[in-house]
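Student: pasting the sequence and the predicted coordinates here, then a few questions.
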Amino acid sequence: MAKGNKAQVWFTDFAIAIVIFSLVLISYYTYTANISKQDSIALDDMISDSKLVSSSLLSKGFPDSWNNDTVQRIGITNNEQKLDDEKVAEFKRLPYNRTKNLLGTSYDYLVFFLNGSNSLVNINGVCRAGMPLQDPQHDINAAYHYGSSDDSFLKDFMVDEFNAVVYFGDNEFDTMISKIDDYDFILMEHSSLSASTFNNGKSSLENFVSSGGILMMSGQIAAPQNIDIGGVRFKKKSGQSISDRNSTVVAEDKYLSLDVGDNIVFRQAYYATNLSALDFTPIAKFNEDNRIAIARWSYGNGKSFYFSDFDTQFFGGDFISEVANAAIKFGNFRCRPINMSNMPQYDSLVKTERLLVYNSKPTRMVLYLWQ
């Protein structure tokens with residue numbers, strides 16, 4: 001490359017950096033309010049709270065690398081106006097009333113992020129945080145299939161989070177397969193399909209993933225042993241004693257927030273074996289024979305996640321919540337626009353906007369505070 005071209009590229013990069021830095025430097029507040037039922041003193045108090053809450057969020061928090069167990073002050077940046085997506089995910093997971101105490105406000109609030117096109121930004125699976133609203137957060141079509149009422153641990157989550165269509169048993173699996181082109185995300189929990197039902201739907205499932213779909217599975221997918229989906233084989237362990245079902249996390253995963261060395265005893269022991277899947281990543285293995293209890297992989301343009309079971313007998317936390325959070329992050333689904341009409345009725349409302357950076361792009365954090 002000629003020196004003149006190099007200088008031009010350098011100058012362009014430098015100019016972009018200056019623009020981003022300048023936008024961040026002039027980080028601003030805006031306020032809007034409905035004050036028909038609120039006097040100016042109360043409104044000033046809300047504005048003051050809004051400043052404090054937004055300033056806290058744009059800090060790095062305390063301690064610096066805080067989590068749900070250690071947090072004393074919530075902050076979701078690295079203290080240089082850059083969003084820390086792990087802190088955003090931790091923020092989302094905190095109970096709402098606890099966040100109000102940590103942020104030092106008695107008012108209800110909602111936080112979300114907008115890009116330059118005023119579209120909601122998905123930050124590590126988080127579309128919004130704060131007061132729970134009733135409308136679905138993610139702009140996807142989802143399906144949930146299960147084979148037993150005793151194994152439906154993710155059913156409520158799928159309905160509440162994704163407004164998923166629920167299918168049960170062999171006959172409804174056939175119905176789901178007939179509509180599979182309608183879905184972006186499918187979760188199959190211990191479906192226990194018959195051989196004929198599974199074989200009839202296998203190619204459609206594989207095509208769904210290969211075309212960019214996301215598939216999560218657990219337990220017994222089908223009654224026959226040695227079934228294959230997307231380059232991975234699944235089988236039930238011959239023994240089902242505690243020693244057979246005892247597993248250990250062997251690798252950190254960016255979607256599933258488990259620590260290496262965590263012990264998990266599943267209620268039922270099934271395992272996965274890689275045949276030809278891409279990016280096959282074992283996350284947990286059974287202690288007795290090193291077979292794979294949790295794994296994820298790619299297939300075509302899509303991806304899959306498998307769990308021996310969603311039900312655990314011994315685990316140092318809420319395993320269902322861990323899986324639910326992993327599903328949200330794994331999908332990286334588009335955020336659905338917020339319907340402000342779904343917000344609770346309020347007397348007064350204050351809106352604050354702050355500029356920050358996410359993935360090297362200017363992003364607006366929008367905070368609504370109301371009573």
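Tutor: That came through fine. Numbers count the residues shown, from 1 in each chain.

Student: show me the contacts for the closest residue to Leu278 other than its chain neighbours.
Tutor: Closest residue to Leu278 apart from its sequence neighbours, by CB to CB, 6 or more residues apart in numbering: Ser298 at 4.2 Å. Just so you know, the C-beta spots here come from the backbone N, C-alpha and C atoms, and that holds for glycine as well. Contact partners of Ser298, counting by CB atoms under 8 Å, 6 or more residues apart in numbering, are 277-279, 304.

Student: among those residues, which lie within strands?
Tutor: Within those, residues falling in strands by DSSP state E are 278-279, 304.

Student: when you filter those down to buried only, what's left?
Tutor: Among those, those buried by neighbour count (16 or more other CB atoms under 10 Å) are Ser304.

Student: I'd like the ones in strands among the contacts of Ser298 as a markdown table, with distance to Lys236 appended.
Tutor: As requested, the ones in strands among the contacts of Ser298 are exported to a markdown table (distance: CB to CB, whole Å):
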| residue | distance to Lys236 |
| --- | --- |
| Leu278 | 25 |
| Asp279 | 25 |
| Ser304 | 19 |
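
Student: closest to Asn163 among the ones in strands among the contacts of Ser298?
Tutor: Ser304 (22.0 Å; CB to CB).

Student: run through the bridge partners of the closest residue to the closest one other than its chain neighbours.
Tutor: Excluding the flanking residues, the one nearest Ser304 by CB to CB, 6+ apart is Leu215, at 4.6 Å. On the basis of DSSP bridges, Leu215 is bridged to Ile186, Ser304.

Student: I figured Leu215 was touching Ile186, is that so?
Tutor: Yes. Assessed by CB atoms under 8 Å, Leu215 is found in contact with Ile186 at 5.3 Å.

Student: got any residues that touch both of those two?
Tutor: Shared between the contact lists of Leu215 and Ile186 (criterion: CB under 8 Å, 6+ apart) are residues 205, 208.

Student: which one's more surrounded, those two?
Tutor: Using other CB atoms under 10 Å as the criterion, Leu215 and Ile186 rank with Ile186 on top: 26 against 21.

Student: give the contact list for that one.
Tutor: Ile186 touches 142-145, 176, 180, 205, 208, 213-216, counting by CB under 8 Å, 6+ apart.

Student: let's go with 10 Å and repeat that
Tutor: Shown in contact with Ile186 (CB atoms under 10 Å, 6 or more residues apart in numbering): 141-145, 158, 164-165, 167, 176-177, 180, 205, 208-209, 213-217, 304.

Student: how far away is it from Ser50?
Tutor: Per CB to CB, to the nearest Å, Ile186 is found 41 Å from Ser50.

Student: same deal with Asn67?
Tutor: 26 Å.
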